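1. sequence and predicted structure, then a few things I'm wondering about:
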Amino acid sequence: MPPASDLRQDRLSRIRDRLKEISRQRYGCNADPVLLTDKGLAHDHFILPGTDRLFRVPKQSQMSLPPSDNLNYQAACFRRAEPGGSTPALHDRIEPDDALPFGALLVQHIHGRPAELPQDILAISRCLAAIHGLPLPELFEPLLSYCNPLDGILREIHQQAEWLSHPAIASDAREMIRAEISAAQQDATAIGNPALCLITFDAHPGNYILQPDDSAVIVDLEKMRYATPGLDLAHATLYTSTSWDIEAGGILTTEQVAAAYAEWLRHVPAAFARQARSSLLAERRVMWLWSVTWCAKWLAQSLPDYHNKTTQNWSKSLSDDALTRHVADRVDCYLQPDIIAGICSEWQDDNTLTALCR
């Protein structure tokens, strides 16, 4: 079998040729699409030269959907978020074919710089508030929603937690994570039905572009759902998120995290802020649990001999070697007992964040 890097280059060559053909036929553009640096496990990105547009080409379906349904879902994410003014516009959709097994979307190319922390965290909070403040539609479909969003995501966590038995995970780490799952289940029972809104469910700092006016635009939208806003606030500020991206991010103090939450509370409608505040800490724990159990799943499912049974595919052959090495390093870090203890102290101890969210 050819090395993973050769498989990736062959796949990218076929994608580039197909995108060039589509660009010529549909948009009158004869230039070669330009591949951007590989930063994510779910998409490749190609700039369409001479325009302010780029192709988002899925490598897989993070939602385990068939290719056409996956493309429908992603297109719906862009359409639902666009009225908030802090996401790229959707311009076109390219159906799946042999060269593009998952199709592609043509979206607005947002120009700017990667997010830097802590300086950009308040802009990120305002970006999320613009999305969370959008009115709820009559029908949530095709986007994911649960009757009780905390119960729903806990079911996802329990599924991913089956991978905690991986031999690379220390027994202490495994026990700490399972104890937090039990505590999160108790929280969900006590909270009942929390505040509900459109969320990105992928709000880590690497997914933002800061524009010249220092406003933040979130550019990765394929996992949006209707759920609780604290999941996004957590995903934007947890250590497992702020240290995830190769280019963007940084480490936040508890005081800086609290400032990010306070900024969000100021920028969403007042009644919604009052409704959401009391469950933000519980949602922070839940988002971390989803992330850390995903790490356990990735350890197993990224191996060459893992037999994938769905369109969700974490194979290292789909991504650049530098990216997969970076992900492996981050996953190893996040599953260390001392890192787990430090993160959990954010909601277990008395601090500026817990005081704000009471």
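-> On my side now, so go ahead.
2. counting contacts, what elements does the helix or strand containing Gln275 pack onto?
-> Assessed by DSSP states H and E, Gln275 sits inside helix 270-277. Counting contacts by 3 or more Cβ pairs under 8 Å, 6 or more residues apart in numbering; DSSP states H and E, helix 270-277 packs against helix 254-267. Any C-beta I mention is one placed from the backbone N, CA and C, and that applies to glycine too.
3. please save the CA atoms from the helix it packs on in PDB.
-> C-alpha atoms of helix 254-267 as PDB (Å, rounded to 0.1, in the frame of the first residue of the first chain):
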ATOM      1  CA  THR A 254      -9.600  31.900  34.400                       C
ATOM      2  CA  GLU A 255     -10.100  35.700  34.600                       C
ATOM      3  CA  GLN A 256      -9.800  36.000  30.900                       C
ATOM      4  CA  VAL A 257     -12.300  33.200  30.400                       C
ATOM      5  CA  ALA A 258     -14.700  35.000  32.700                       C
ATOM      6  CA  ALA A 259     -14.200  38.200  30.800                       C
ATOM      7  CA  ALA A 260     -15.100  36.300  27.600                       C
ATOM      8  CA  TYR A 261     -18.300  35.000  29.200                       C
ATOM      9  CA  ALA A 262     -19.200  38.400  30.500                       C
ATOM     10  CA  GLU A 263     -18.700  40.000  27.000                       C
ATOM     11  CA  TRP A 264     -21.100  37.400  25.600                       C
ATOM     12  CA  LEU A 265     -23.700  38.000  28.300                       C
ATOM     13  CA  ARG A 266     -23.600  41.700  27.400                       C
ATOM     14  CA  HIS A 267     -24.100  41.100  23.700                       C
END
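4. which residues are in contact with it?
-> If you take Cβ atoms under 8 Å, 6 or more residues apart in numbering as the criterion, helix 254-267 is touched by 117-118, 121-122, 124-126, 128-130, 132-133, 229, 233, 236-237, 252, 273, 276-277, 280, 346, 351-353, 355-357.
5. list only buried entries from these.
-> Neighbour counting with 16 or more other Cβ atoms under 10 Å marks 117-118, 121-122, 124-126, 128-130, 132-133, 229, 233, 236-237, 252, 273, 276-277, 280, 346, 351-353, 356-357 as buried within the contacts of helix 254-267.
6. can you tell me the closest non-neighbouring residue to the most centrally placed residue in the chain?
-> What sits nearest the mean C-alpha location of the chain, by Cα atoms, centre = their mean, is Asp202, with 2.0 Å. Spatial nearest neighbour of Asp202, excluding adjacent residues (Cβ to Cβ, 6 or more residues apart in numbering): Lys223 at 4.8 Å.
7. count the residues that sit near that neighbour.
-> Neighbour count of Lys223, defined by other Cβ atoms under 10 Å: 18.
8. returning to what we had before: contacts only, for the residue nearest to the centre of the chain.
-> Contacts here follow Cβ under 8 Å, 6+ apart; on that basis Asp202 touches 220-223, 235.
9. which of the contacts of helix 254-267 fall in helices?
-> 121-122, 124-126, 128-130, 132, 229, 233, 236-237, 273, 276-277, 280, 346, 352-353, 355-356 (DSSP state H).
10. in space, what's closest to Leu54 - neighbours in sequence excluded?
-> Nearest non-adjacent residue to Leu54, counting by Cβ to Cβ, 6+ apart: His109, 4.4 Å away.
11. CA atoms only for the longest helix along the chain - export them in PDB, please.
-> Assignment by DSSP H gives helix 4-27 as the longest helix of the chain. C-alpha atoms of helix 4-27 as PDB (Å, rounded to 0.1, in the frame of the first residue of the first chain):
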ATOM      1  CA  ALA A   4      -0.300   8.000   3.500                       C
ATOM      2  CA  SER A   5       1.300  11.100   2.000                       C
ATOM      3  CA  ASP A   6       1.300   9.600  -1.500                       C
ATOM      4  CA  LEU A   7      -2.400   8.700  -1.200                       C
ATOM      5  CA  ARG A   8      -3.200  12.300  -0.100                       C
ATOM      6  CA  GLN A   9      -1.200  13.900  -2.900                       C
ATOM      7  CA  ASP A  10      -3.000  11.700  -5.500                       C
ATOM      8  CA  ARG A  11      -6.400  12.600  -4.000                       C
ATOM      9  CA  LEU A  12      -5.500  16.300  -4.000                       C
ATOM     10  CA  SER A  13      -4.400  16.200  -7.600                       C
ATOM     11  CA  ARG A  14      -7.700  14.700  -8.700                       C
ATOM     12  CA  ILE A  15      -9.600  17.300  -6.700                       C
ATOM     13  CA  ARG A  16      -7.600  20.200  -8.100                       C
ATOM     14  CA  ASP A  17      -8.200  19.000 -11.700                       C
ATOM     15  CA  ARG A  18     -11.900  18.700 -11.100                       C
ATOM     16  CA  LEU A  19     -12.200  22.100  -9.400                       C
ATOM     17  CA  LYS A  20     -10.300  23.700 -12.300                       C
ATOM     18  CA  GLU A  21     -12.800  22.100 -14.700                       C
ATOM     19  CA  ILE A  22     -15.700  23.300 -12.600                       C
ATOM     20  CA  SER A  23     -14.200  26.800 -12.300                       C
ATOM     21  CA  ARG A  24     -13.800  27.100 -16.000                       C
ATOM     22  CA  GLN A  25     -17.300  25.800 -16.800                       C
ATOM     23  CA  ARG A  26     -19.300  27.600 -14.100                       C
ATOM     24  CA  TYR A  27     -17.400  30.800 -13.300                       C
END
